[in-house]
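1. Below is the sequence, then the predicted model.
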Amino acid sequence: MVEPGYMSSELWKDVLEKIEETTVSAQYDEPSDYGIDKEICAIYEKVSLILSRYKSGKLPKAFKVIPSLNNWEQLLALTRPAEWTPNATHQATKLFISTLSPKLASKFCHQVLLPKIQKDFDLNKKVNPHYYQALMLAISKPSAFFSGILLPLCADMRTTQRQAAIMGSVIKKMSIPVLYSAAALIKLTKLDFYGPRAIVMRTLIEKKYSLPQSALHSLVEFIETSSRCAENNTVIWQQLVLSVCVKYGADLSPLQKSAIIESARRLQHGIITSEIVASIEKTYSILS
């Protein structure tokens, strides 16, 4: 059989027809692997081999058509994403992020990109440059990035500060619409305080958005709630509170300012607590 990346036009047309037939009739036929025609399975097994060795060049045509098909998840699984090279993952992310809807792109991010990044970090304690570039591509569809990668990563208690810092560096470099970042912040404030989580939250705060009042209310509520646990008295917690005060102190109500000062004094830190109080008190003098 001809290699999937170098099919003649007639053979390629025949393959496309077979894929479309599989999409329509899979629910009626006797299932093979994933309910897909065996000939198609054989083609995608070859595609998986190509992607497991891929360094550069064009992707196989049989792979490039996957995002446009109804059963794209089944066909994608046949290519064994866990075995793709970082180079192939980068190119695949470019293809799927640009082609799929935000909801489906979120699935790709969560099922393919996130596990590969986590595995790479577990093995090498850093993120391959190709995966880093893939993250920057993913963030071009903010809802897919947040729901498929960032929020699941922050919800995972195994996530390290180093991983959070890497995600933070991606967020810093990319332009993200305020409403997506505000929604992500609100969701993060619903979780318990955790160092890596706070690093991501602080990164979003320091992008200097004009946050809606609902996001500011959630941040103040988060600070007040987390201050009631002595174990949260860490430099990361103090830095998060200070960032909120510096960036948004003037936008807070007197009641919210009092709540922050009380929270900061509840978890005392020699230097940073005084900076938090001074930052809040400065906003009173500006308004007077």
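-> Looks like it arrived, so ask away.
2. Contacts only, for residue 55.
-> Listed by Cβ atoms under 8 Å, 6 or more residues apart in numbering, the contact partners of residue 55 are 85, 87. For every residue, glycine as well, the C-beta is placed using N, CA and C.
3. what does residue 201 give?
-> 185, 188-189, 240.
4. taking those one by one, which sit in strands?
-> When the contacts of residue 201 are checked against strands using DSSP state E, none is located there.
5. most surrounded residue in the residues you listed?
-> residue 240 (24 neighbours; other Cβ atoms under 10 Å).
6. Please name the residues that touch that residue.
-> Contacts of residue 240 (Cβ under 8 Å, 6+ apart): 198, 201-202, 205, 223.
7. any idea which of the residues you listed is closest to residue 65?
-> Comparing these against residue 65 with Cβ to Cβ places residue 201 closest, at 39.9 Å.
8. so that closest one is in which element?
-> For residue 201, the element it lies in under DSSP states H and E is helix 195-205.
9. Now residue 253. Its backbone dihedrals?
-> phi -80, psi 160 (degrees, to the nearest 10).
10. low-scoring stretches of the protein, by residue?
-> Scanning the chain for pLDDT under 70 picks out 1-35, 285-288.
11. how about the nearest residue to residue 162, chain neighbours excluded?
-> residue 125 (7.1 Å; Cβ to Cβ, 6 or more residues apart in numbering).
12. Please work out how many residues are found near the one you found.
-> Look at residue 125: counted by other Cβ under 10 Å, it has 10 neighbours.
13. Then residue 228?
-> Residue 228 is flanked by 10 other residues according to other Cβ under 10 Å.
14. Ok, residue 68 next?
-> 11.
15. Would you confirm that it contacts residue 99?
-> Yes. Residue 68 is within contact range of residue 99, at 6.7 Å (criterion: Cβ atoms under 8 Å).
16. related to what we said a few turns ago, please tell me how far the residue nearest to residue 162 sits from residue 118.
-> Distance of residue 125 to residue 118, computed by Cβ to Cβ, to the nearest Å: 12 Å.
17. same question, residue 128
-> 12 Å.
18. again with residue 253
-> Per Cβ to Cβ, residue 253 is found 40 Å from residue 118.
19. Just want to know which of these two has more residues nearby.
-> Taking other Cβ under 10 Å, residue 253 and residue 118 do not tie; residue 118 has more neighbours (18 against 12).
20. so where does the more buried one fall, helix or strand?
-> Assigned by DSSP H and E, residue 118 falls in helix 114-124.
21. got a list of contacts for that helix?
-> Outside helix 114-124, the residues that reach it (Cβ under 8 Å, 6+ apart) are 81-82, 84, 86, 89, 126-128, 131, 134-135, 148-149, 152-153, 160, 162-163, 166.
22. So which of the residues you listed belong to helices?
-> Among these, DSSP state H puts 86, 89, 131, 134-135, 152-153, 162-163, 166 in helices.
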